[in-house]
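Enquirer: Structure, please.
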Amino acid sequence: QVRLVESGGGSVQAGGSLRLSCAASERIFRNNAMGWFRQAPGKAREFVAAISWSGDDTFHADSVKGRFTISRDNAKRRIYLQMNRLEVEKAAVYYCAARGGESWRGVFESWGQGTQVAVSS
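Expert: Below you'll find the model as predicted:
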């Protein structure tokens with residue numbers, strides 16, 4: 001079964017932190033790169049961060065660089081997104097994604113259901 005399940009979303013004040021987690025099934029996790037995306041109401045889904053299978057290669061969107069950090073624990077089949085200094089913005093749903101292949105460069109084919117993040121002033 002192919003599954004991605006996000007958790008850790010919620011409401012936080014501007015400047016605060018949240019840590020998102022994504023649990024993946026064995027089939028979708030092993031040897032695959034993973035990533036985080038987000039979608040605000042009325043907007044297209046946008047890339048946030050990605051990580052290779054080994055965890056040695058990561059990439060963060062310019063809009064979150066220096067504030068968000070993606071990581072993974074292959075023993076637990078989980079990836080994480082540590083979000084610090086969250087900025088006031090519209091509520092967004094954060095999605096975990098996976099792609100076939102060890103490198104994060106490429107199209108992501110599998111998606112979770114998302115977890116809501118809201119930041120208030």
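
Enquirer: so who does the closest residue to residue 77 other than its chain neighbours touch?
Expert: In space, and not counting its chain neighbours, residue 77 is closest to residue 29: 4.5 Å by Cβ to Cβ, 6 or more residues apart in numbering. Every residue, glycine included, has its C-beta placed from N, CA and C. Applying Cβ atoms under 8 Å, 6 or more residues apart in numbering to residue 29 gives the contacts 74, 77, 98.

Enquirer: Just the buried ones from these?
Expert: Neighbour-count burial (16 or more other Cβ atoms under 10 Å) applied to the contacts of residue 29 gives residue 98.

Enquirer: ok, the contacts of residue 29 vs residue 48, which is closest?
Expert: residue 98 (14.3 Å; Cβ to Cβ).

Enquirer: which ones are touching the closest one?
Expert: When contacts are counted by Cβ under 8 Å, 6+ apart, residue 98 touches 4, 24, 28-29, 32-35, 108-110.

Enquirer: Which helix or strand contains it?
Expert: According to DSSP states H and E, residue 98 maps onto strand 89-99.

Enquirer: Now that strand: average pLDDT?
Expert: Strand 89-99 shows a mean pLDDT of 89.

Enquirer: What residues sit buried inside that strand?
Expert: Result for strand 89-99 [16+ other Cβ under 10 Å]: buried residues 92-99.
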